[in-house]
Every structure is written in structure tokens, then in C-alpha cells.
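> Quick one, structure for this:
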Amino acid sequence: MSSAPRLPPDAIIQKRVASDEKHAALDRYTHEMKKAAMAASWFENKSKYDFTDNQKRNDGFIAEELRCANLELLLRRRHRIKRLYESEARSYEEELHARGLAIQRDHV
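Now for the predicted structure:
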């Protein structure tokens, strides 16, 4: 008889099962790390492009505000120039009336 310790009959199987479990755990860990890396990459890209999207939106808003402001300014200027013309016309009519003259208008 040999004095070497004898291995149980399923020792090789147990060793293989332990090795397979270790590989499965490492595969799960790798899968989780890939998912985390993908999420981090997505968030990084989203953060980077969110600024650009917000900037585009703000630029569009500013352009629309400027367009509206220019239109309002144009309308106000037209109204003021019309009032000025009417005021000057009344002034000329009064001046002519003071001299005994009048402007003949076509009323259509």
C-alpha cells in the first residue's frame, strides 16, 4: 500500500465544475462591465451632444425673437411716418387756409 493520500473518485469532476463556475462568474462579470461601458459611452455622447442640441435650439429661439422684433420695429416705424405725413399735411392745409387757399382732393 502506498502512503500517498488517495483522491476521492469524483475529484477531477469537482475540479472541472469549480473551473466552469469560475469561468461562468468571469463571463458574467465581463458582460456586466460591457453593459456599464456601453451606458457610460451613451451618457458621455448624450452629454456632449446635448450642449450642441441646446445651442441649436437657443439659436433658433434667438433668430425667431430677432425676426419678431424687426417686424414690430418696421410696423412702428410705418405708423410713426404715417402720423408724421398726416401731421405735416394738416400743417400745410392750415397754412394754406390762413392764406385763403385750399387743397383740392379727390375723394374716391
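> any low-confidence regions in this protein?
Applying pLDDT under 70 to the chain flags residues 1-3, 108.
> In it, what residue spans correspond to helices?
Counting by DSSP state H, the chain has these helices, from start to end: 11-98.
> Compute the distance between residue 74 and residue 60, please.
Counting by CB to CB, to the nearest Å, the gap from residue 74 to residue 60 is 21 Å. The way it works is simple: take the backbone N, C-alpha and C, and place the C-beta from them, glycine included.
> swap in residue 95?
Taking CB to CB, one finds residue 95 at 53 Å from residue 60.
> Equivalent analysis for residue 38, please.
Distance, residue 38 to residue 60, using CB to CB: 32 Å.
> Quickly note the distance from residue 19 to residue 31.
19 Å.
> Likewise for residue 58?
Counting by CB to CB - residue 58 and residue 31 are separated by 40 Å.
> what's the answer for residue 88, then?
From residue 88 to residue 31 the distance is 84 Å (CB to CB).
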